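A.B. asks: how would this look folded up:
(one chain, ligands or ions: 1)
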Amino acid sequence: MRIVVMVSGSGTNLQSIMDAVAEGQLNVEIAAVGADKPCTGIERAQAAGIETFIVAPGDHPDREIWNRVLEAKIAEYDPDYIVFAGFMRIVDAALVARFANRIVNTHPALLPSFPGAHGVRDALAHGVKITGLTVHFVDSGVDTGPILAQAAVPVLEGDTEESLHERIKVEERQLLVQTIAQLPQPSN
Ligand code: GRF
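C.D. replies: I've put the predicted structure just below:
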């Protein structure tokens, strides 16, 4: 199974995928790692000898064109699945349709609660006692697609957004790898 992993930041979820592949625990080929900007995730992929690409919104006249360029770039690698591992961009409905039920996202909250870019901050602000993470297929909404797996993480007294997010990410790295391992081979 071939995957393309998309990142925007530190890339620790990507690292857990790369480590699982290197250790023989995850039987996938990482065809490429892409990002919307230069970031540590891209550096991690380069250090591992994986092909990388950057499609930055600012390098394109508008969002529509950015989406089409990104879609074409991903398609070049002919992936079975695309994994959004901390990819902090919303892609349009046409891109989602092109890769229907093949884009997997990880979100640091228990969806459908606290969708969007600040899931950890919003859960903390709401005062929930349990939050967690969700691995789900991407549909044309924001964090609304079919849920593949979830794990709960308790909110502790005195938690900050950073401390809570760090504990969520410990679980997230494991669950993302497990979920990818269980994806069915798409029929095409
Ligand atoms: C993850 O918690 C992901 O769910 C969120 O951003 C974080 C990315 O972390 N959207 P990393 O770049 O994998 O370290």
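A.B. asks: residue contacts, whichever residue of the chain sits closest to the ligand?
C.D. replies: Going by Cβ to the nearest ligand atom, the ligand is nearest to residue 86 of the chain, at 2.6 Å. C-beta coordinates here come from the backbone N, C-alpha and C atoms, glycine included. By Cβ atoms under 8 Å, 6 or more residues apart in numbering, the contact list for residue 86 reads 7, 8, 9, 10, 11, 12, 13, 14, 41, 106.
A.B. asks: next one: the residue in the chain sticking out farthest from the centre from residue 11, what distance?
C.D. replies: Within the chain, residue 157 marks the point farthest from the mean C-alpha position, 28.4 Å out by Cα atoms, centre = their mean. To residue 11, residue 157 is 30 Å away according to Cβ to Cβ, to the nearest Å.
A.B. asks: tell me the SS of the residue of the chain closest to the ligand?
C.D. replies: Assigned by DSSP: H, G, I helix; E, B strand; the rest coil, the conformation of residue 86 is coil.
A.B. asks: from residue 130, how far out is it?
C.D. replies: Noted for residue 86: a distance of 22 Å to residue 130, by Cβ to Cβ.
A.B. asks: residue 157 now?
C.D. replies: From residue 157 across to residue 130, the span is 14 Å (Cβ to Cβ).
A.B. asks: surely residue 53 meets residue 37?
C.D. replies: No - with contacts counted by Cβ atoms under 8 Å, residue 53 stays clear of residue 37, the gap being 11.7 Å.
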